[in-house]
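Trainee: test case, fold it:
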Amino acid sequence: MSYEVLDPSLSERVGKFASEFKLSQVSEEGVLRAKLSILDAIGVAMASTRYDFAHKTHTGIAAMGDVGNAPVIGMPTRLSVRDSMLMNGALVHGIDYDDSHNWAAFHPTASAFPCVLGTAHHLGASCSDMLAAFVLGIEVMTRVGGAASGWFQPAGFHPTGHVGAFGCAVAAGWLMGHNQAQHANAQGIVLSAASGSMEFLAEGAWTKRLHPGQAAVAGFQAAMLAQQGFIGPRMAYEGRFGLYRSLFGERGKDANFEAVAAELGDVWQVEHMAVKPYPACHYTHSCADAIFELMKKGLKAQDVEVVNVKVAIEEMPIVCEPIEKKRRPLTGYEAKFSIPYTVALCLTTGKHGLSEFDDESLLTRMDMLGLCDRVVCEVDNEADFPRHFSSDVTVKLKNGKTMHHREELNRGCVDRPLSPADICGKFMENARLTMNQNKATELMNIILNLEKIHRVSDLVGLVVKTNSR
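Mentor: As a prediction, the model looks like this:
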């Protein structure tokens, strides 16, 4: 397998940009979207503290015996720096309500924010520096994912764990004051730690929830080692055993390597974050949107004969296959990755929110199961993946008529983003599950003015003291 030796390497080019990066370079829209993503992540993490997985995760981490004073979002507890990153990543990502990035096709904030929060708190950095590091981490990880967009999941790799680690290494390193060489070394070091398997899909297992926190930990660890002069390989991306060739074999040579360092400082990917309106896999959202549109036109569950849903071929293994499993999810979490269940849930309840996935009695209701059995999934050859996660829905009615709706732009995507008011509303809804209105409002105002807040402790004090309503 041949490969081109680049000089400077991609990690060195990224390192040069990172070593010279300042928050003042970022567009006004980019800064706003970064703060909104952080706001959204904190709200989602707070909502996650109500779930069993969160407390089992915390108990397991705490049982390892490490102590520290790093913050855990929404919990009256502190952990070591790395443990807090693992825990906060699980909280942000655990209910599949955190943001995505369409081009890179993964969840950026779930690793980037736990990493910069923990690192900034550990180093005593300002909120402004934490925000800058967050933006930098997003810019790196989205490009690393975009270089092989849509390749990871079908091959069994969860890109949130893999590509998130590289952005976290650079973000943490920036807070530590890395020079170009140290940034490059950190990216090389983290290559050996980045990971994440899609096998959780087979049974709705919990492992996916750990991936972003693991990426944050791996990035922080790599940056700390690079700080001390530890040497990593120069060609973390384009090398013979770099990221893409290691994961994708022969196909890896066709990755868009240049995308890793392209347009840094000119195009701000942080502007293109996709905040979720629904707490489920982003690949199901356009299907939910389409069903709701058809319901506005009179579609009723009892009138359905067959529902045909077309999605991108890259999405099929995640939300449509194997169809027997997708028609019979065993848990609310597994149901978040099912097109048949999405159709049945929307038609039966008229909703697609947290409480619907919490109500696992729906999983065995005969009317739900009957609708799941009537959903057929096919490949959409017209899909514009990964720019858009579209769905083409055709419903054959029992009276022989058909209804059709194609949802090209799901709510929240880059070309149909949620408004700042929508995101603030989502945050308040989630935060109010664990804190009172006044505290939630105070926290929201701090986050929306992060670049003006000097002490991370001002943020941390509100983030962790949520046990009191």
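
Trainee: mind checking the SS state of H285?
Mentor: Secondary structure state of H285, per DSSP: H, G, I helix; E, B strand; the rest coil, is helix.

Trainee: list the contacts for the closest residue to it other than its chain neighbours?
Mentor: Of all residues not flanking H285 in the chain, N410 sits nearest, at 4.2 Å (Cβ to Cβ, 6 or more residues apart in numbering). To be clear about C-beta, it is placed using only N, CA and C from the backbone, and glycine gets the same treatment. Contact criterion Cβ atoms under 8 Å, 6 or more residues apart in numbering gives 282, 285-286, 289, 388-391, 416 as the residues in contact with N410.

Trainee: which helix or which strand is home to V144?
Mentor: Secondary-structure assignment from DSSP states H and E places V144 in helix 127-146.

Trainee: could you list every helix and strand in contact with that helix?
Mentor: Applying 3 or more Cβ pairs under 8 Å, 6 or more residues apart in numbering; DSSP states H and E, we find helix 127-146 packed against helix 10-20, helix 28-48, strand 100-101, helix 109-123, helix 159-176, helix 456-464.

Trainee: turn those into CSV, including mean pLDDT.
Mentor: Written out in CSV, the entries for the helices and strands packed on helix 127-146 read as follows (pLDDT from 0 to 100):
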stretch, mean pLDDT
helix 10-20, 98
helix 28-48, 98
strand 100-101, 96
helix 109-123, 97
helix 159-176, 98
helix 456-464, 86
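
Trainee: so which of the ones you listed gets nearest K56?
Mentor: Distance to K56, taken as Cβ to Cβ, is lowest for helix 28-48 among those, at 12.1 Å.

Trainee: would you mark the buried spots in that closest one?
Mentor: The neighbour-count criterion (16 or more other Cβ atoms under 10 Å) identifies 30-31, 33-48 as the buried residues of helix 28-48.

Trainee: right, and the pair among the contacts of N410 with maximum separation?
Mentor: Distances among these were taken as Cβ to Cβ; the most separated pair is S391 and R416, at 13.6 Å.

Trainee: now do the contacts for P420.
Mentor: Counting by Cβ under 8 Å, 6+ apart, P420 has contacts 32, 36.

Trainee: so which of the contacts of N410 sit within strands?
Mentor: Secondary-structure check on those using DSSP state E: residues within strands are S391.

Trainee: show the buried residues in the contacts of N410.
Mentor: Buried members of the contacts of N410, counted by 16+ other Cβ under 10 Å: 282, 285-286, 289, 388-391.

Trainee: lowest-confidence one in those residues?
Mentor: Per-residue confidence across the buried ones among the contacts of N410 is lowest for H388, with 90 (pLDDT).

Trainee: measure that one to E407 for me?
Mentor: In this view, H388 and E407 are 9 Å apart by Cβ to Cβ, to the nearest Å.

Trainee: what residues are shared contacts of the two?
Mentor: For the pair H388 and E407, residues contacting each of them under the criterion Cβ under 8 Å, 6+ apart are S286.

Trainee: tell me how many other residues crowd G332.
Mentor: Around G332 there are 21 other residues, counting by other Cβ atoms under 10 Å.

Trainee: tell me the domain boundaries of the protein?
Mentor: The record assigns the chain these domain ranges, following automatic domain parsing: 10-274, 282-407.

Trainee: out of these, deepest packed?
Mentor: Mean neighbour counts were compared across the domains of the chain using mean count of other Cβ atoms under 10 Å; the top stretch is domain 10-274, at a mean of 23.

Trainee: and it, how far from the chain's centre?
Mentor: Domain 10-274 has its C-alpha centroid displaced from the chain centroid by 10 Å (Cα atoms, centre = their mean, to the nearest Å).

Trainee: and stretch 369-384, by the same measure?
Mentor: Taking Cα atoms, centre = their mean, one finds the center of stretch 369-384 at 24 Å from the center of the full chain.

Trainee: what residues does that stretch touch?
Mentor: With Cβ under 8 Å, 6+ apart as the contact definition, stretch 369-384 has outside contacts at 301, 304-313, 315-316, 319-321, 323, 326-328, 338-341, 343-344, 347-348, 390-392, 408.

Trainee: next one: stretch 74-83
Mentor: Stretch 74-83 is touched from outside by 45-46, 48-49, 54, 58, 61-62, 64, 66-72, 84, 87, 91, 118-119, 121-122, 217, 220-221, 434, 463-467, with contacts defined as Cβ under 8 Å, 6+ apart.

Trainee: show me what contacts the residue nearest to the spatial centre of the chain?
Mentor: Compute the mean C-alpha point of the chain, and by Cα atoms, centre = their mean the closest residue is H107, 1.8 Å away. H107 makes contact with 93, 98-101, 160, 164, 212, according to Cβ under 8 Å, 6+ apart.

Trainee: can you tell me the closest non-neighbouring residue to P233?
Mentor: G188 (4.1 Å).

Trainee: quick one: what helix or strand has the one you found in it?
Mentor: Residue-wise, G188 maps onto helix 180-190 under DSSP H and E.

Trainee: output the contacting helices and strands for the helix or strand just after that helix.
Mentor: Sequence order places helix 211-227 as the next helix or strand after helix 180-190, per DSSP H and E. Packed against helix 211-227 by the contact rule (3+ Cβ pairs under 8 Å, 6+ apart) you find helix 81-93, helix 109-123, helix 159-176, helix 180-190.

Trainee: next, the angle helix 81-93 makes with helix 211-227.
Mentor: Orientation note: helix 211-227 sits at an angle of 150 degrees relative to helix 81-93 (axes from the mean of the first three to the mean of the last three Cα atoms, to 10 degrees).

Trainee: what comes into contact with the helix or strand just after helix 211-227?
Mentor: Counting by DSSP H and E, the element after helix 211-227 in chain order, helix or strand, is helix 243-248. Contacts of helix 243-248 from elsewhere in the structure, counted by Cβ under 8 Å, 6+ apart, are 1, 3, 144, 147-148, 151-152, 155, 157, 162, 166, 191, 194, 236-239, 252-253, 255, 257.

Trainee: how does it look with 6 Å?
Mentor: Under the contact criterion Cβ atoms under 6 Å, 6 or more residues apart in numbering, helix 243-248 has outside partners 148, 151, 157, 237, 252, 255.
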